[in-house]
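J.: give me coordinates for this.
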Amino acid sequence: MPPHLYNSDMDQSEYLRLWLECRTQYRKNTAALARVWRLAHPNADLPVAAPSTGAAVESGQSGNNALPRPPTNPPPANRPPAPAGKITTAAEVALAKVSGVFTWRDIGQHIQADHPKMPARRTTISQFLEKRAARGELVVVEKGGGRRPTKYQKEAEE
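T.: The predicted structure follows:
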């Protein structure tokens, strides 16, 4: 490659900085493109690009040119995802067992004690508790932040 076509002062840290900048911009652009597609086509899946031509292929199509959808992070093999209704039901039972001030961790411990194979995910439990607080069933004693979880109390126990 002719020397005038590249910057000979680039080192590894500069390369990594530029690479991260490009990756960040790419993710922003593809997320924006997906939002525009979903607004224009609310009931349609995102099209997937064919590898050789770059032409869009309907996601339902099969064939050699269709790319699979990007993989989602699968749940750990030993813990299949539980249906949302089962987790909510288990959280309701756990909520009935707690008293005083509690956090999502306390609810998760009760779920794990009753259902060892059910995943007690922080986000699911936190959303469950936030919805109950929004309805007035729970009181937020102390709002969490960072690694500190939000502390709740049942409305009748004030």
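J.: got any ranges where this structure has weak pLDDT?
T.: Low-confidence segments of the chain (pLDDT under 70): 1-8, 48-85, 156-158.
J.: now do 90
T.: Scanning the chain for pLDDT under 90 picks out 1-95, 99, 111-124, 135-137, 144-147, 154-158.
J.: walking through it, point out its helices one by one.
T.: 12-40, 84-97, 104-114, 122-135 (DSSP state H).
J.: what's the last one packed up against?
T.: Okay, so that is helix 122-135. Applying 3 or more CB pairs under 8 Å, 6 or more residues apart in numbering; DSSP states H and E, one finds that helix 122-135 contacts helix 84-97, helix 104-114, strand 138-142, strand 151-154. All C-beta spots, glycine's among them, are computed from the backbone N, C-alpha and C.
J.: show residues contacting the third one.
T.: Put plainly, it is strand 138-142. Outside strand 138-142, the residues within contact range by CB atoms under 8 Å, 6 or more residues apart in numbering are Val101, Leu129, Arg132, Ala133, Thr150, Lys151, Tyr152, Gln153, Lys154, Glu155, Glu158.
J.: kindly report the same for the shortest one.
T.: When contacts are defined by CB under 8 Å, 6+ apart, strand 151-154 is touched by residues 95, 98-103, 129, 132-133, 137-142, 144.
J.: let's see 7 Å
T.: Here strand 151-154 makes contact (CB atoms under 7 Å, 6 or more residues apart in numbering) with Gly100, Val101, Phe102, Thr103, Leu129, Ala133, Leu138, Val139, Val140, Val141, Glu142.
J.: and what of the second one?
T.: Surrounding helix 104-114, the residues in contact under the criterion CB under 7 Å, 6+ apart are 90-91, 93-95, 97-98, 118, 120, 122, 125-126, 129, 149.
J.: any idea how far the closest residue to Thr88 other than its chain neighbours lies from Ile87?
T.: In this structure, Thr88 finds its nearest non-sequential neighbour in Phe128, 6.3 Å apart by CB to CB, 6 or more residues apart in numbering. Taking CB to CB, to the nearest Å as the measure, Phe128 falls 8 Å from Ile87.
J.: one more: Leu138?
T.: Taking CB to CB as the measure, Leu138 falls 17 Å from Ile87.
J.: now do Val36
T.: Val36 is 33 Å from Ile87, by CB to CB.
J.: ditto for Gln127
T.: As judged by CB to CB, Gln127 and Ile87 stand 10 Å apart.
J.: which of the two has more neighbours?
T.: Neighbour count, other CB atoms under 10 Å: between Gln127 and Ile87, Ile87 has more, with 20 against 14.
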